[in-house]
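[1] Build me a model:
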Amino acid sequence: MATVAANIVKTLRANGIDRVYGLPGDSLNGFTDALRKDGDIRWVHVRHEESAAFAAAADAALTGDLAVVAGSCGPGNLHLINGLYDANRSRVPVLAIAAHIPTTEIGTGYFQETHPQELFRECSVYVEYVADPKQMPRLLEIAMRAAIEQRGVAVLVIPGDVALSEIADDRAVVIERSRPVIVPSGDELARAATLLNASKKTTILAGAGVEGAHDEVIALADRLGAPIVHALRGKEFIEYDNPFDVGMTGLLGFASGYRAMEAADTLLVLGSDFPYEQFYPEHATTIQVDIRGSQLGRRHPLDLGLVGDVGATVSALLPRLAEKSDRDHLDDSIAHYRKTRAKLDDLATPTKAGRPIHPQYLARLLDEQAADDAIFTADVGSPTVWAARYLSMTENRRLIGSFTHGSMANALLHGIGAQVSHPERQVIALAGDGGLAMMLGELLTLTQNRLPVKTVVVNNSSLNFVELEMKAAGFVNYGTALDNPSFAAIAEAMGIFARRVENSEDLPDAVRDVLAHDGPALLDVVTERQELSMPPAIEAAQVKGFALYAIRTVMSGKGDELLDLARANWRQFL
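    Next up is the predicted model:
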């Protein structure tokens, strides 16, 4: 008779799953031994369970398929939580097997006891405790279907003794994802058409929900004469081959995207949960399309909310729309974007010998030399800023990050899942020095699993984005300095090809060498600590904050910081 653990493995294999991310432990022995006996599902051994969860999140994001992660009881599965939060908030399907202490010991304060079904509740769409083998395989099927249909995390909490118990029903059900096409009603489409036909200056804000609807959105922009602004998560799906693109808005965006929205009399939000209220136009008519009705109006008051797939909704709407002959708003927005883009590109220049490298220059070189189908991952903070502004998307490039959950140290961890799921693609992890140091041991995961991830370190010896936030709020930088080693030397000690670059003139060849290396490689780039990543609109409070920062910095005896700040950023204000 098969065990519960063996049935789980059988069901995973029947559903086309050929890899599981995790770290072994005694309470997981039944499951990992079932994987060993099966032989067809790969155990991707990481050095920390958090890494396993982030890797699974990237895997699911890139493939669209269910990814699986496992953690042992107590601290083992607790380490999954941060990565599972990221997966759940990114709306990607992940199944987590959370092993538990022996059934007879639950409630006694036993070694490593926790209550995982409660702890995982907030970072999942489904979590359940398997107390009896008779609950299986039904609970597994329910969990898998929940993760797939709701695009989120499902957690099964299974004590080790239950996993080793015999199962009465050894079936293996294939869970197929349903693919309904959802379109608003005719009356709702008519209302949307009336508002859009009456609009003189329409701007489109495109988010992650435009995935798979690139051509439909381009056709809509053409019909309406509308510039397209993208949110960060929409960048990879709408930026490429887009003559209506005017860049990104938000804290990481730049002026043209902000201006195109501010100047609009109608804002059409397509598949975006863009969270920053201050970047929405105050007086524009706002229409929002989202597959999830609960998202409508969460961020900004609406004149019309439509529930539907972006592609199908746009296709149904197009025949109802008159073609706009007045293209002044579009032309003005594009002209402003070109000027803004040129100014940004002017910042991506080499520095003089002996000066730290501008991170914009590093990002530009990566963009120029990366493969046409490269998968980029970016750490939260300044690496995400430079990725958003300087990495250009193609139809086949992807950009993965912790863009909603906002966790540090995600780039390398996401890179692991990206490379495992796409072994033939070039994967480039743009890591901050703080983020890489936090999960440094995962470089060993690259060598152990023979993953040719290219890790590029933005080494500015600081928690750089935190410092910028402090400056903007008027605080003197405190507690943000990082006393870094040579990350290249550490990587070499781990068996990874590495280069360290301190001068701009050496950077192009180093980027080329690292990207061309056949195997894992690391590029450690010493970048300018004082580089400012300015938001597209500087509010009065921020101006006041910078003034307070300057005064307080001088009074605290750190006036040399102001000189370094001016030296590093003078070209941004010319």
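
[2] Quick one: residues contacting the residue nearest the centre of the chain.
    The centre of the chain sits closest to residue 401, judged by CA atoms, centre = their mean, with a distance of 2.2 Å. Residues counted as contacts of residue 401 (CB atoms under 8 Å, 6 or more residues apart in numbering) are 232, 377, 378, 379, 380, 384, 387, 410, 411, 414. For the C-beta atoms, the positions are set from N, CA and C on the backbone; glycine is no exception.

[3] now do 7 Å
    377, 378, 380, 384, 410 (CB atoms under 7 Å, 6 or more residues apart in numbering).

[4] wait, which of those residues is closest to residue 325?
    residue 384 (39.3 Å; CB to CB).

[5] Which of the contacts of residue 401 fall in helices?
    384, 410 (DSSP state H).

[6] which among the contacts of residue 401 gets closest to residue 329?
    For these, the nearest to residue 329 is residue 384 (29.5 Å; CB to CB).

[7] wait, isn't that closest one in contact with residue 252?
    Yes. Residue 384 lies in contact with residue 252 (CB atoms under 7 Å); the separation is 6.3 Å.

[8] Please say which of the two ends up with more neighbours.
    residue 384 (25 against 20; other CB atoms under 10 Å).

[9] Report the separation between the residue nearest to that one when sequence neighbours are not counted and residue 401.
    Nearest non-adjacent residue to residue 384, counting by CB to CB, 6 or more residues apart in numbering: residue 378, 4.7 Å away. Distance, residue 378 to residue 401, using CB to CB, to the nearest Å: 5 Å.

[10] do residue 443 as well
    19 Å.

[11] Poorly predicted segments of this protein, please.
    For the chain, applying pLDDT under 70 flags the ranges 471-474, 530, 532-574.

[12] Where does the closest residue to residue 71 other than its chain neighbours fall, secondary structure wise?
    Excluding the flanking residues, the one nearest residue 71 by CB to CB, 6+ apart is residue 77, at 3.5 Å. Element membership for residue 77, per DSSP states H and E: helix 75-78.

[13] Tell me how far that helix lies from the chain's centre.
    23 Å (CA atoms, centre = their mean, to the nearest Å).

[14] Next, the buried residues of that helix.
    76, 77, 78 (16 or more other CB atoms under 10 Å).

[15] would you list those residues in a markdown table and tack on distance to residue 264?
    Formatted as a markdown table, the buried residues of helix 75-78 follow (distance: CB to CB, whole Å):
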| residue | distance to residue 264 |
| --- | --- |
| 76 | 50 |
| 77 | 47 |
| 78 | 46 |
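
[16] rewinding a little: for residue 378 and residue 401, list the residues in contact with both.
    The contact lists of residue 378 and residue 401 share residue 384, where a contact means CB under 7 Å, 6+ apart.

[17] Now stretch 381-398: buried residues?
    Buried, per 16+ other CB under 10 Å, within stretch 381-398: 381-391, 393, 397-398.

[18] helix or strand for the closest residue to residue 137 other than its chain neighbours, which one?
    In this structure, residue 137 finds its nearest non-sequential neighbour in residue 7, 5.4 Å apart by CB to CB, 6+ apart. Assigned by DSSP H and E, residue 7 belongs to helix 4-14.

[19] and if you look at residue 20?
    Per DSSP H and E, the secondary structure element for residue 20 is strand 19-22.

[20] what packs against that strand?
    Contacts defined by 3 or more CB pairs under 7 Å, 6 or more residues apart in numbering; DSSP states H and E place strand 19-22 against strand 42-45, helix 49-63, strand 67-71.

[21] what's the neighbour count on residue 47?
    With other CB under 10 Å as criterion, residue 47 counts 16.

[22] how close does it sit to residue 401?
    Counting by CB to CB - residue 47 and residue 401 are separated by 21 Å.

[23] and residue 337, what are its phi and psi?
    Dihedral pair for residue 337: phi -60, psi -40, per degrees, to the nearest 10.

[24] distance between the ends of stretch 451-464?
    29 Å (CA to CA, to the nearest Å).

[25] So what touches it?
    By CB under 7 Å, 6+ apart, the residues outside stretch 451-464 that reach it are 359, 362, 366, 381-383, 412, 415-416, 419-420, 427-434, 436, 446, 480-482, 484, 487, 514-515, 518-529.

[26] Filter the residues you listed down to the buried ones and hand me the ChimeraX line.
    Selecting only the buried entries of the contacts of stretch 451-464 in ChimeraX, with 16+ other CB under 10 Å as the criterion:
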select :359,362,366,381,382,383,412,415,416,419,420,427,428,429,430,431,432,433,434,436,446,480,484,487,514,515,520,521,522,523,524,525,526,527,528,529
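
[27] Restricted to strands, list the contacts of stretch 451-464.
    427, 428, 429, 430, 431, 432, 521, 522, 523, 524, 525, 526 (DSSP state E).

[28] Can you tell me which of those residues is closest to residue 226?
    Using CB to CB, those come closest to residue 226 at residue 430, 31.4 Å.

[29] pretty sure residue 310 contacts residue 209?
    Yes. Counting by CB under 7 Å, residue 209 is a contact partner of residue 310 at 5.1 Å.

[30] Residue 192 reaches residue 287, doesn't it?
    Yes. Contact criterion CB under 7 Å: residue 192 and residue 287 qualify, at 5.8 Å.

[31] what sits in contact with each of these two?
    Contact with both residue 192 and residue 287 is made by residues residue 304, according to CB under 7 Å, 6+ apart.

[32] And the helices in the stretch 451-574 of the chain?
    464-473, 487-493, 507-516, 540-555, 559-569 (DSSP state H, counting those that start in this stretch).

[33] Can you name the residues that contact residue 517?
    Here residue 517 is in contact with residue 497 (criterion: CB under 7 Å, 6+ apart).

[34] no no, residue 110
    Per CB under 7 Å, 6+ apart, neighbours of residue 110: residue 101.

[35] coming back round to it: nearest to residue 163 among the contacts of residue 401?
    residue 410 (30.0 Å).

[36] What is the neighbour count of the closest residue to the closest one other than its chain neighbours?
    Counting by CB to CB, 6+ apart, residue 402 is the residue found nearest to residue 410 once chain neighbours are left out, at 4.1 Å. Residue 402 has 29 neighbours, counted by other CB under 10 Å.

[37] quick one: residue 402 from residue 414, how far?
    8 Å.

[38] And for residue 329?
    37 Å.

[39] likewise residue 132?
    37 Å.

[40] what does residue 128 give?
    If you go by CB to CB, the gap between residue 128 and residue 414 works out to 27 Å.

[41] Give me the more crowded residue out of the two.
    Between residue 128 and residue 414, residue 414 has the larger neighbour count (other CB under 10 Å), namely 32 against 19.

[42] isn't the more buried one right up against residue 377?
    Yes. Contact criterion CB under 7 Å: residue 414 and residue 377 qualify, at 4.0 Å.

[43] Now for these two: what residues contact both?
    Common neighbours of residue 414 and residue 377 (CB under 7 Å, 6+ apart) are 58, 400.

[44] on that earlier part again, the residue nearest to residue 137: neighbouring residues, count only.
    What residue 7 shows, counting by other CB under 10 Å, is a neighbour count of 23.

[45] Kindly report the same for residue 335.
    12.
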